[in-house]
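Enquirer: Just the structure for this:
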Amino acid sequence: MQKILNVKVLKVSLLLLALSTFVEAKNTNVLEVDHLSLASMMVYDGKFAKANAELEEARKMDKDLDMSKYYTIKGVIAMRQEKHNQAITYLKKAVKATKSKVYKAPAAEVEQRKHLFLLVLNLKVSKTQTVSFDGEKIRKEQLQRLYSHLSQESYKVKNYLATIKYLDLQGSSGRDQAAKYMLRADCYWKSGNKAASVSILTKGAQSFPKDQSLLKQKFYYFTELGLYQEAIKSAKSYMKRAKPNAKEYMALAQMLLSGGQRNEALKVLEETKLLFPKNAKVSMLLGHLYMKRGMEYTTANLFEQGSYYERKYVKEAAELHRRVGLIPHALYLNSQISDNTEKLKQKIAIYVGRQEYEKIIGLIDALKRYKMLDDDTIRYAVAYAYYMAKDYEEAEKQLKKITDNELFLKRRLLEKYRKMSRQ
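Expert: Below is the predicted model:
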């Protein structure tokens, strides 16, 4: 959005430069070429080399060249080419020239205007048209545009204090948008003046009470400073004004968690759960918090609630029910897992935990179908199941196919136990 705004400002500036040159052209019957206007239009079309050539031609041909416009166009070219330091140099020269420029009212009649661009654009000006001329007003407006460009370019070269200076020099136009308060705050923050950054956001929020972004940014700053109570106040103020979604509530909770404020995060998520009962991620995040408190039954319930709205959480819900010993329900949830490989892996873990080895053996065809026996961990579980079911011959067949070094040691151990059982 900021880039689009900047481009629009540049285009408006260029058009104003071109048009103002038309107005100030000499009233003569001789067809004359205005190189400054040509340069402006070429910049507008992105023809920077030709624009620079026209500017140099203007400097050669016109002893009374308008240096304010000359340096402004040079600065805009540098901006468009992303030569930021060069742009700043030219724009500063444009400011100096604009301050000393003598503004003259245009001639009352322009009937005989033979200016090249008036002919090209087919502009018509009424003989009787009268325009109130205010040179100082024009100077002020042109300086504001130059300061606006300077603030943008200074920010791009990370000269944050200069950015603030040029925003202030714009006067009321430097405070006419919430985004400009955000920019000031960002500059103060990056230059190390944290207090000024928060203060400017407060002023901005007062000037733009309907804008929520300022309060939101204030919350992030307070959180980064470790002022969590102030952060919570800012967050609540923001949420009263805005209509935050579940994602923003969760972001608040995550920020509190990162600052070690687990209880406050829990309160936020409990509130979020009430506001957005069908949001699966809220249930999962809240469940993980309860898990860290050792409340696994509550976690299992929350995970299952999350799985109602996003099926990808079914596996985690089933796993939590397995861990807390609610095996029948764990198997019920396991049956809803869409990925057959994951479903079988979890089912094996459930059966191993319950020492139901015959049921693991009963899965052998499905394991072969999905080529899961290529995984040595799965094959070892099958071998172990055969061993515990006292089918030593089949257990040995499975063990011989294991190549994993760590599982190989377990294989040797099982073989040793088998020999001992034969004696």
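Enquirer: domain parsing for the chain?
Expert: Using automatic domain parsing, the domain ranges for the chain come out as 1-125+132-156, 364-423.
Enquirer: For Lys345, which non-adjacent residue is spatially closest?
Expert: Beyond its immediate neighbours in the sequence, the residue positioned closest to Lys345 (C-beta to C-beta, 6 or more residues apart in numbering) is Ile378, lying 7.1 Å away. Where C-beta positions appear, they are placed from N, C-alpha and C, glycine not excepted.
Enquirer: Lys158 too?
Expert: Counting by C-beta to C-beta, 6+ apart, the nearest residue to Lys158 once its immediate chain neighbours are dropped is Lys190, at 7.6 Å.
Enquirer: Quick check: the gap between the one you found and Asn159.
Expert: Between Lys190 and Asn159 the distance, using C-beta to C-beta, to the nearest Å, works out to 10 Å.
Enquirer: likewise His84?
Expert: Taking C-beta to C-beta as the criterion, His84 is separated from Asn159 by 10 Å.
Enquirer: Now list whatever residues contact both of those two.
Expert: With contacts taken as C-beta atoms under 8 Å, 6 or more residues apart in numbering, not a single residue reaches both His84 and Asn159.
Enquirer: Considering helices and strands only, name the one in the protein with the lowest mean pLDDT.
Expert: The helix or strand with the lowest mean pLDDT-type score in the chain, counting by mean pLDDT, DSSP states H and E, is helix 116-121 (a mean of 49).
Enquirer: avg pLDDT for the helix or strand that that one is followed by?
Expert: Following the chain from helix 116-121 toward its C-terminal end, the next helix or strand by DSSP states H and E is helix 135-156. Per-residue pLDDT values across helix 135-156 average out to 92.
Enquirer: Now do helix 135-156: which elements does it pack against?
Expert: Identification of packing neighbours for helix 135-156 by 3 or more C-beta pairs under 8 Å, 6 or more residues apart in numbering; DSSP states H and E yields helix 2-24, helix 67-80, helix 84-100, helix 160-169, helix 178-190.
Enquirer: tell me the most buried of those?
Expert: Of all these, helix 67-80 has the most neighbours on average by mean count of other C-beta atoms under 10 Å, namely a mean of 23.
Enquirer: now what about it, what contacts it?
Expert: Identification of contacts with helix 67-80 by C-beta under 8 Å, 6+ apart yields 10, 13-14, 17, 20-21, 36, 39-40, 43, 46, 48, 51-52, 55, 58-59, 84, 86-88, 90-91, 93-94, 97-98, 101, 142, 146, 149, 152-153.
Enquirer: go with 7 Å
Expert: Contacts with helix 67-80, where a contact means C-beta atoms under 7 Å, 6 or more residues apart in numbering, come from 10, 13-14, 17, 21, 36, 39-40, 43, 48, 51-52, 55, 58-59, 86-87, 90-91, 93-94, 97-98, 101, 146, 149, 153.
Enquirer: That one relative to helix 84-100, how many degrees between them?
Expert: Orientation check (axes from the mean of the first three to the mean of the last three C-alpha atoms, to 10 degrees): helix 67-80 against helix 84-100 gives 160 degrees.
Enquirer: per-residue confidence at the residue nearest to Lys345?
Expert: On pLDDT, Ile378 comes in at 91.
Enquirer: Would you agree it is in contact with Leu367?
Expert: Yes - taking C-beta atoms under 7 Å as the contact criterion, Ile378 and Leu367 are neighbours in contact, 6.5 Å apart.
Enquirer: element containing the nearest residue to Leu38 once chain neighbours are set aside?
Expert: Of all residues not flanking Leu38 in the chain, Glu54 sits nearest, at 4.6 Å (C-beta to C-beta, 6+ apart). With elements taken from DSSP H and E, the one containing Glu54 is helix 48-61.
Enquirer: residues of that helix that come out buried?
Expert: Within helix 48-61, the residues that qualify as buried by neighbour count (16 or more other C-beta atoms under 10 Å) are 48, 51-52, 54-55, 58.
Enquirer: quick check, nearest of those to Gln355?
Expert: Proximity of these to Gln355 (C-beta to C-beta) peaks at Phe48, which lies at 78.6 Å.
Enquirer: That closest one against Lys83, yeah?
Expert: No - applying C-beta under 7 Å, one finds Phe48 not in contact with Lys83, separated by 10.2 Å.
Enquirer: picking up where we left off before, next up, the contacts around the residue nearest to Lys345.
Expert: With contacts taken as C-beta under 7 Å, 6+ apart, Ile378 has the following neighbours: 348, 367, 372.
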